[in-house]
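1. Predicted structure and sequence below. I'll ask about it afterward.
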Amino acid sequence: MPLYHQLGQVPPKRHTVFRKPNGELYAEELVSTHGFSSTYALVYHCHPPTLVKQIQEPYDVSPTVARDKHLKHTSLKGFQVKPKADYLESRVPVLVNDDLHISLAAPEDSMKDYFYKNSQADEVIFVHEGSGTLKTGYGEIPFAYGDYLVIPRGVIYQMEFDDKNNRLFIVESFEPIRTPKRYRNEFGQLAEHAPFYERDIKRPQNLKTYDEFGDFEVKIKKQGLIYPYIYGSHPFDFIGWDGYHYPWAFSIHDFMPITGMLHQPPPVHQTFETNSFVLCSFCPRLYDYHPDSIPAPYNHSNVDSDEVLYYVDGDFMSRKSVEKGQITLHPGGIPHGPHPGTVEKSIGQTRTDELAVMIDPFRPLKLTKEALELEDPDYYISWLS
């Protein structure tokens, strides 16, 4: 999100002398993206961020693909993923391709014994159930039901949960996550017609400086492996920082749907984008107001993209027997549409309370071994009755 932000102490000019009260220099770090050509932040550490004491043996967390090529409407019962204590171990990849990984997680415990850094992907963590605080060197972001946590690659973080009841929908993007270009003006500001505004963005706050030496484990993900690094200083030793590269959050409840006289297509619900997929938020809204409008969505043939819908809450007029945490995958190449009877039933309805997250990837998704364990085998024939 292209918003300048600053927390803590920074010198008047970058790359200049900046000393501690005892006369020692703070350690400046440039955290940059796309080489030196895109967004970046300047971070000031109490100690150099290079104090590596040990690198332990990496271990593989690459997803195991069980269904590579397929042309079958698929439904996964996401809440059947069993809770696990550890945050990283709880993450279960279900749909993957070379551009993104979609995972489900039900962690019970906060991250206390280690820190985590994804160095291969930006992460969008949708909080379906639970609350807590995202802790980083950049500051803290409180989160709750409905929040999207956007964590750019390279950010070291910890998730602190308020209790054991947590459900997360996680997207790892191998390209940078951004807000839709068509909603931003030439200066990067969200335009007046956008369905959300800069004041809806939650930026880091409450910067705490941990000026500590010791043994601090940072689990770093790169190319499908996790490398346990042991650092000699605390990863959150920031005395200050400024720039454009930092974690932030946005609540799905702050998305203001765009409605019209006739049925509006999914792009009006778009919340994030990359060059290889889009992410949309379906939120409670008024239905179309043409006197002969049909609120239920029309049948649709995905010609060049798959469609993933993650059901969060509310009643979906186009589908029968929808469950919280359910994922539907409608692959490109065949049509999908409303279930029998739902079109007629929708006529005359004035509003919907549905809440869902949709992802349209431009390259086909593959199902993992874990996804097959969650599959409803009869979903593809659910349009017969």
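-> Done, it's in.
2. Can you show me the strands along the stretch 251-385 of the chain?
-> For the stretch 251-385 of the chain, the strands defined by DSSP state E, counting those that start in this stretch occupy 270-273, 277-282, 285-286, 300-301, 307-313, 326-330, 335-336, 351-352, 355-361, 366-368.
3. mind checking which of those is nearest residue 205?
-> strand 270-273 (22.1 Å; Cβ to Cβ). (Each C-beta comes from the backbone N, C-alpha and C, glycine too.)
4. so what's residue 142 closest to, chain neighbours aside?
-> residue 133 (5.3 Å; Cβ to Cβ, 6 or more residues apart in numbering).
5. what sits against that neighbour?
-> 140-143, 160 (Cβ atoms under 8 Å, 6 or more residues apart in numbering).
6. From the residues you listed, which land in strands?
-> 140-143, 160 (DSSP state E).
7. In ChimeraX, select just the buried ones from these.
-> Per 16 or more other Cβ atoms under 10 Å, the buried members of the ones in strands among the contacts of residue 133 correspond to this ChimeraX selection:
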select :140,141,143,160
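8. Pick out the most distant pair among the ones in strands among the contacts of residue 133.
-> 141 and 160 (10.7 Å).
9. what touches both of those two?
-> Residues touching both residue 141 and residue 160 (Cβ under 8 Å, 6+ apart) are 133-134.
10. re earlier: for the helix or strand containing the residue nearest to residue 142, which strands pair with it and how are they oriented?
-> Residue 133 is part of strand 132-136 when elements are defined by DSSP states H and E. Applying DSSP bridges to the sheet, strand 132-136 is found paired with strand 139-143 (antiparallel), strand 156-161 (antiparallel).
11. what number of residues lie near residue 217?
-> The number of residues packed near residue 217 is 15, by other Cβ atoms under 10 Å.
12. If you could redo that for residue 62, that was the one I meant.
-> Using other Cβ under 10 Å, residue 62 has 12 neighbouring residues.
13. Check residue 351 too.
-> For residue 351, using other Cβ under 10 Å, the count is 11.
14. Show me where the stretch 251-385 of the chain dips below the pLDDT cut-off.
-> 317-318, 320 (pLDDT under 70).
15. ok, now the stretch 51-200 of the chain?
-> In the stretch 51-200 of the chain (pLDDT under 70), no residue qualifies.
16. What segments of it are strands?
-> Counting by DSSP E, counting those that start in this stretch, the strands of the stretch 51-200 of the chain are 52-55, 59-60, 65-67, 74-77, 92-96, 100-105, 115-118, 122-129, 132-136, 139-143, 147-151, 156-161, 167-173.
17. Can you redo the ones you listed as TSV, where the extra columns are distance to residue 218?
-> Below are the strands of the stretch 51-200 of the chain laid out as TSV (distance: least, Cβ to Cβ, whole Å):
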stretch	distance to residue 218
strand 52-55	9
strand 59-60	15
strand 65-67	28
strand 74-77	32
strand 92-96	22
strand 100-105	19
strand 115-118	5
strand 122-129	16
strand 132-136	12
strand 139-143	18
strand 147-151	14
strand 156-161	6
strand 167-173	18
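18. any idea of the angle the strand holding residue 133 forms with strand 122-129?
-> Per axes from the mean of the first three to the mean of the last three Cα atoms, to 10 degrees, the angle that strand 132-136 makes with strand 122-129 is 160 degrees.
19. Tally up the residues packed near the residue lying closest to residue 360 once chain neighbours are set aside, please.
-> Once flanking residues are discounted, residue 360 sits nearest to residue 305: 4.7 Å by Cβ to Cβ, 6+ apart. For residue 305, the count of nearby residues is 19 (other Cβ under 10 Å).
20. do the same with the one 5 residues further on
-> The local packing of residue 310 (other Cβ under 10 Å) involves 24 other residues.
21. Would you check how far apart it and residue 279 are?
-> Per Cβ to Cβ, to the nearest Å, residue 310 is found 10 Å from residue 279.
22. what touches both of the two?
-> Counting by Cβ under 8 Å, 6+ apart, the residues touching both residue 310 and residue 279 are 357-359.
23. wait, which of those is closest to residue 182?
-> Of all the shared contacts of residue 310 and residue 279, residue 182 sits closest to residue 358, with 17.2 Å by Cβ to Cβ.
24. mind listing what the closest one touches?
-> Contacts of residue 358 by Cβ under 8 Å, 6+ apart are 266, 269, 279-282, 307-310.
25. Which pair of the residues you listed spans the longest distance?
-> Greatest spatial distance among these (Cβ to Cβ): 281 and 307, at 14.6 Å.
26. Have a look at the two and say which one is more surrounded.
-> Legend: neighbour count by other Cβ under 10 Å for residue 281 and residue 307, higher for residue 281 (25 against 20).
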